[in-house]
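Colleague: Return atomic coordinates for the entry below.
(chains A and B)
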Amino acid sequence: MEPLSNKRKVLEAKPLNFLERIYLPAILKGLSITIRHFFKKPVTIRYPEEKREYSENFRGLHSLKRDEQGRERCTACGLCALSCPAEAITMISAERQKGEENLYREEKYAAVYEINMLRCIFCGLCEEACPKEAIYLDGPHVASDYLRKDFIYGKDKLVEAPLNQ
Amino acid sequence: MGLTDILIKFGLIVIIFLISLVIAMYSTYAERKIAAFMQDRIGPDRAGPWGILQPLADGGKMFLKEEIIPTNANAFLFIAGPSLAILVSCIGTAVIPWGQQLVIGGHVIDLQVTDINVGILYIFGVVSLGVYGIMIGGWASNNKYSLLGAIRAASQNISYEIAMGLSIIALLMTTGTLSLRHIAEQQSGFWHGHWFTWNVFSQPLGFLIFIICAFAETNRSPFDLPECETELVGGYHTEYSSMKLGFYLFSEYINMFVSGAVMATLYFGGYNFPLMHHIHSPNLVAVLGVVALFAKIFFFIFFFMWVRWTIPRFRYDQLMDLGWKVLIPLSIANIVITGVWITYFK
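Modeller: Numbering: from 1, shown residues only, chains lettered A, B, ... in the order given. Just a heads-up that it's a prediction; the model follows:
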């Protein structure tokens, strides 16, 4: 049959010649390769002491941002939760009271904002969906823990630290 | 034989026993380190500086693990297996000459536990007993993986013992003695007259056969079919846990040490080293000889590990092919060549 591409390679099963059949030259070649690796620099990164740099577009832990005056930007519109393909985000909104203008930028804010880190696939769609530039996946990776409930991160872990403290 | 002599012998036995145990312990560490370096990793480095306490941690773990004897196993033989394995690998060191005689305060100290005139036969006997530990352990476990591993071990050891014995016969034809002490003395120095004194230079083919068989006898890769963790779960020690497993693993490393010592003594001049005749203090020569012997042994242990991390395992039929169809005819040919050479050129 005519080959469809010119990539086909015809292999012949050649009988081994004497040097190949006694294996020893091949073994010596292998030994020389391993001994060369023996003197190479190891590529290991000793993890807890040394850490590999995250790449610039690494998507890690979410953080809820504050504006220039230190007020939470999130207005609990729910677009992030809607856009989330893994349904990892839930929130409960609340109305801003008088005297809380220095805490929340908009008249509505998220009283509860939870992300289940075991569901999250770190796709970054919440970041894209947010009209207020309130959520970014700019943290490190999620730390390990023992219980499933401890992977549901609330506002205490997600909201950025206040500006001047 | 006075009391001092008995005490000296006893001390020597204890020292050699301790040395072989410590070397076996640190061989496990060396194995992991060498494997790591050959794979561009760094290996264990958490227990102590550079991880040198790792063997102690491993040993402690082995001792503290739960001891399991399967219900359907034969309890007596199940315990006898690893005991036999470690016992047999430890007594092999008795006939190795570790160095020349030391003279301290008028006492002549032989650096050899016993110089029996059938030293090589003794080593052979001990080595062939080694397979019983594996056989008994594998059979007593009452598990098909263990039994398969044990059967493989038995047939492999029997096949390669023949080639090993035949390669030794060619060596014996040139040395004319079975005593390891005499064989070591014959290789004194490095260069005599117009040729090297070490046996490896007069018996290169014999040495090649011997070292291949040594790999098979110690169940080291590429002949590690009895353990074969990718095919047989764990081979003959599948059912073993705790220190009984530890003894099996340990006996493998002691076997490596012993076969390194035997190879160094038979083929690489034992405790002899180049230019030893230019040093005039006999005690210094003896001490340096011990150092030289251990350097050779460490090289062989390194070589065992080097090969392990280079060559993949043989298939079972290839193993048998190599043993029966290649090594045995080769070693017989080697005997014939040696015989012709002795008759016409000596």
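Colleague: Per-residue pLDDT of whichever residue of the stretch 151-300 of chain B sits closest to chain A, please?
Modeller: The stretch 151-300 of chain B approaches chain A most closely through B:Leu208 (8.1 Å), counting by CB to the nearest CB. (Glycine included, C-beta is placed from N, CA and C.) On pLDDT, B:Leu208 comes in at 91.
Colleague: Also B:Cys228?
Modeller: According to the prediction, B:Cys228 has pLDDT 66.
Colleague: Same question for B:Gln54.
Modeller: 90.
Colleague: do A:Asn164 as well
Modeller: pLDDT, A:Asn164: 65.
Colleague: now do A:Ser144
Modeller: For A:Ser144, the pLDDT comes out at 90.
Colleague: Give me the distance between it and chain B.
Modeller: 18 Å (CB to the nearest CB, to the nearest Å).
Colleague: Could you report the neighbour count for that residue?
Modeller: 7 (other CB atoms under 10 Å in any protein chain shown).
Colleague: so it is in which element?
Modeller: Element membership for A:Ser144, per DSSP states H and E: none, as it lies in no helix or strand.
Colleague: show me where chain A has strands.
Modeller: A:63-64, A:89-95, A:108-116, A:135-136, A:152-153 (DSSP state E).
Colleague: between the third one and strand A:89-95, how big is the angle?
Modeller: For strand A:108-116 and strand A:89-95, the angle between their directions (axes from the mean of the first three to the mean of the last three CA atoms, to 10 degrees) works out to 160 degrees.
Colleague: list the contacts for B:Pro222?
Modeller: B:Phe215, B:Val307, B:Arg308, B:Ile311, B:Pro312, B:Arg313, B:Phe314 (CB atoms under 8 Å, 6 or more residues apart in numbering or on different chains).
Colleague: count of neighbours near B:Leu18?
Modeller: 10.
Colleague: Report the secondary structure element holding it.
Modeller: helix B:3-38.
Colleague: what about that helix, near chain A?
Modeller: Yes - interface with chain A: helix B:3-38 contributes B:Ile34, B:Ala36, B:Phe37, B:Met38 (CB under 8 Å from any CB of the partner chain).
Colleague: Give me the pLDDT value at the closest residue in space to the third one that isn't next to it in sequence.
Modeller: I take that to be B:Phe37. Leaving aside its sequence neighbours, B:Phe37 sits nearest to A:Phe38 (CB to CB, 6 or more residues apart in numbering or on different chains; 4.8 Å). On the pLDDT scale, A:Phe38 is placed at 89.
Colleague: Go ahead and confirm A:Phe38 touches B:Met38.
Modeller: Yes - between A:Phe38 and B:Met38 there is a contact under CB atoms under 8 Å: 5.2 Å.
Colleague: okay, these two: which has more neighbours?
Modeller: Ranked by neighbour count (other CB under 10 Å), A:Phe38 and B:Met38 place B:Met38 first, with 21 against 16.
Colleague: wait, that one sits on A:His37?
Modeller: Yes - counting by CB under 8 Å, B:Met38 does reach A:His37; the two are 5.1 Å apart.
Colleague: Quick one: name the residues of chain A near chain B.
Modeller: So chain A meets chain B at A:27, A:30-31, A:33-35, A:37-44, A:46 (CB under 8 Å from any CB).
Colleague: In those, find the pair that's most separated.
Modeller: A:Ile27 and A:Arg46 (33.9 Å; CB to CB).
Colleague: Can you tell me which residue is spatially central in chain B?
Modeller: Geometric centre of chain B, nearest residue: B:Ser259, 2.1 Å, by CA atoms, centre = their mean.
Colleague: How much space separates the residue nearest to that residue when sequence neighbours are not counted from B:Leu284?
Modeller: Leaving aside its chain neighbours, B:Ser259 sits nearest to B:Ala214 (4.5 Å; criterion: CB to CB, 6+ apart). Using CB to CB, to the nearest Å, we find B:Ala214 at a distance of 31 Å from B:Leu284.
Colleague: These two: which is more packed in?
Modeller: Neighbours were counted for B:Ala214 and for B:Leu284 using other CB under 10 Å; B:Ala214 has more, 23 against 11.
Colleague: does that one count as helix, strand or coil?
Modeller: Assigned with DSSP: H, G, I helix; E, B strand; the rest coil, B:Ala214 falls in the helix class.
Colleague: Quickly find the element holding the residue nearest to B:Ser167 when sequence neighbours are not counted.
Modeller: Nearest residue to B:Ser167, sequence neighbours excluded (CB to CB, 6+ apart): B:Ile209, at 4.0 Å. Element membership for B:Ile209, per DSSP H and E: helix B:204-217.
Colleague: How about that helix, which residues are buried there?
Modeller: B:Gly206, B:Phe207, B:Leu208, B:Ile209, B:Phe210, B:Ile211, B:Ile212, B:Cys213, B:Ala214, B:Phe215, B:Ala216, B:Glu217 (16 or more other CB atoms under 10 Å in any protein chain shown).
Colleague: Next: stretch B:70-89.
Modeller: Buried, per 16+ other CB under 10 Å, within stretch B:70-89: B:70, B:73-74, B:77-82, B:84-89.
Colleague: between those residues, which is closest to chain A?
Modeller: B:Ser89 (26.3 Å).
Colleague: Report the secondary structure element holding the closest one.
Modeller: Going by DSSP H and E, B:Ser89 is part of helix B:75-91.
Colleague: Who are the packing partners of that helix?
Modeller: helix B:119-140, helix B:242-267 (3 or more CB pairs under 8 Å, 6 or more residues apart in numbering or on different chains; DSSP states H and E).
Colleague: Just give me the closest of the buried residues of stretch B:70-89 to B:Ile254.
Modeller: Nearest to B:Ile254 among these, with distances taken as CB to CB, is B:Ser89, at 4.1 Å.
Colleague: May I have the residues that are in contact with the closest one?
Modeller: B:Gly130, B:Ser251, B:Glu252, B:Ile254, B:Asn255, B:Val258.
Colleague: Recalculate using a threshold of 6 Å.
Modeller: Residues in contact with B:Ser89 (CB atoms under 6 Å, 6 or more residues apart in numbering or on different chains) are B:Ser251, B:Ile254, B:Asn255.
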